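Student: Next input, structure requested:
(2 chains)
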Amino acid sequence: SQQGEEDPQALSIQEGENATMNCSYKTSINNLQWYRQNSGRGLVHLILIRSNEREKHSGRLRVTLDTSKKSSSLLITASRAADTASYFCATVPTLDDKIIFGKGTRLHILP
Amino acid sequence: GAVVSQHPSWVICKSGTSVKIECRSLDFQATTMFWYRQFPKQSLMLMATSNEGSKATYEQGVEKDKFLINHASLTLSTLTVTSAHPEDSSFYICSTFTGGPEAFFGQGTRLTVV
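Tutor: The predicted model follows:
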């Protein structure tokens, strides 16, 4: 089953620009996480935001969470070519221990 | 360093044969392992949850007899795709938790059935 819906599905921007990806989910959650996947590889955890948090920063990453709207956004500032990858939001529904992934955003950074 | 080691990273097999994919937890004991399937340019779909010493829990629509999961030890979970068909060709990934809320993933296995 899938929980999250990301938009856009694909995003191409120039190197140096900021990239914003959005995620919506359906059920109440304990936390929301963002993962990155390079082509043909496993996923790498980027950042986690708890249900009682509204914003979190980590390096060039900024995540927001709006539990009333059941949505989150991931902002990557000053994008680099190496940021080219797919980004997935993932939620852990309350009363569950599974991670449910959104559909993902394919980000392409143009040199 | 890697937390979960998945092997093989890719495999090609003939239709009708079986393929085993292994996921090993490194330096910790994984009582639970999650198995996902991913089609090109799509998200990860949870197939099943394996629990050490007990039967796996399969998601709705996943054939138990086709995707055999074994979690016989605290450091090894295996997924066996039996009687493989070309439509089983996909990217399979395992993941687990090490005590915190973030998941750690294997490198993934690209299965091609010809």
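Student: Give me the buried positions along stretch B:60-72.
Tutor: B:62, B:67-69, B:71 (16 or more other Cβ atoms under 10 Å in any protein chain shown). Where C-beta positions appear, they are placed from N, C-alpha and C, glycine not excepted.
Student: what's the distance between that stretch and the middle of its chain?
Tutor: Its chain's average C-alpha position is 10 Å from that of stretch B:60-72, according to Cα atoms, centre = their mean, to the nearest Å.
Student: And that stretch, end to end?
Tutor: End-to-end distance for stretch B:60-72, by Cα to Cα, to the nearest Å: 23 Å.
Student: tell me the mean pLDDT for that stretch?
Tutor: Summarised as a single mean, pLDDT over stretch B:60-72 is 93.
Student: Likewise for stretch B:90-100?
Tutor: 91.
Student: Could you count how many residues lie near the residue of chain A found nearest chain B?
Tutor: Per Cβ to the nearest Cβ, residue A:42 is where chain A lies closest to chain B, at 3.8 Å. Residues within reach of residue A:42, counting by other Cβ atoms under 10 Å in any protein chain shown, total 22.
Student: contacting residues around the spatially closest residue to it that is not a sequence neighbour?
Tutor: In this structure, residue A:42 finds its nearest non-sequential neighbour in residue B:105, 3.8 Å apart by Cβ to Cβ, 6 or more residues apart in numbering or on different chains. Residue B:105 sits next to A:42-44, B:4, B:93-95 when contact means Cβ atoms under 8 Å, 6 or more residues apart in numbering or on different chains.
Student: residues in chain A within reach of chain B, list them.
Tutor: Contacts of chain A with chain B, taken as Cβ under 8 Å from any Cβ of the partner chain, map to A:1-2, A:30-31, A:33, A:35, A:40-45, A:48, A:88, A:90, A:92, A:97-104, A:106.
Student: which of the residues you listed are buried?
Tutor: A:31, A:33, A:35, A:41-43, A:45, A:48, A:88, A:90, A:92, A:98-104, A:106.
Student: So which of the residues you listed sit within strands?
Tutor: Taking DSSP state E, the ones among those that sit in strands are A:31, A:33, A:35, A:43, A:45, A:48, A:88, A:90, A:92, A:100-101, A:106.
Student: Next, the spatially most central residue of chain B: phi, psi?
Tutor: By Cα atoms, centre = their mean, chain B has its centre lying nearest to residue B:35, at 4.0 Å. Main-chain torsions, residue B:35, degrees, to the nearest 10: phi -110, psi 130.
Student: can you check residue B:87 too?
Tutor: phi -70, psi -10.
Student: For the residue lying closest to it once chain neighbours are set aside, grab the count of nearby residues.
Tutor: Distance criterion Cβ to Cβ, 6+ apart; nearest residue to residue B:87, sequence neighbours excluded, is residue B:113 at 7.9 Å. Using other Cβ under 10 Å, residue B:113 has 20 other residues around it.
Student: Quick one: residues contacting residue B:113.
Tutor: B:12-15, B:84-89.
Student: Let me know the pLDDT of it.
Tutor: pLDDT for residue B:113: 97.
Student: Give the bridge partners for it, please.
Tutor: Residue B:113 has these beta-bridge partners by DSSP bridges: residue B:13.
Student: In chain B, mark out all the helices, start to finish.
Tutor: Assigned by DSSP state H, chain B shows no helices.
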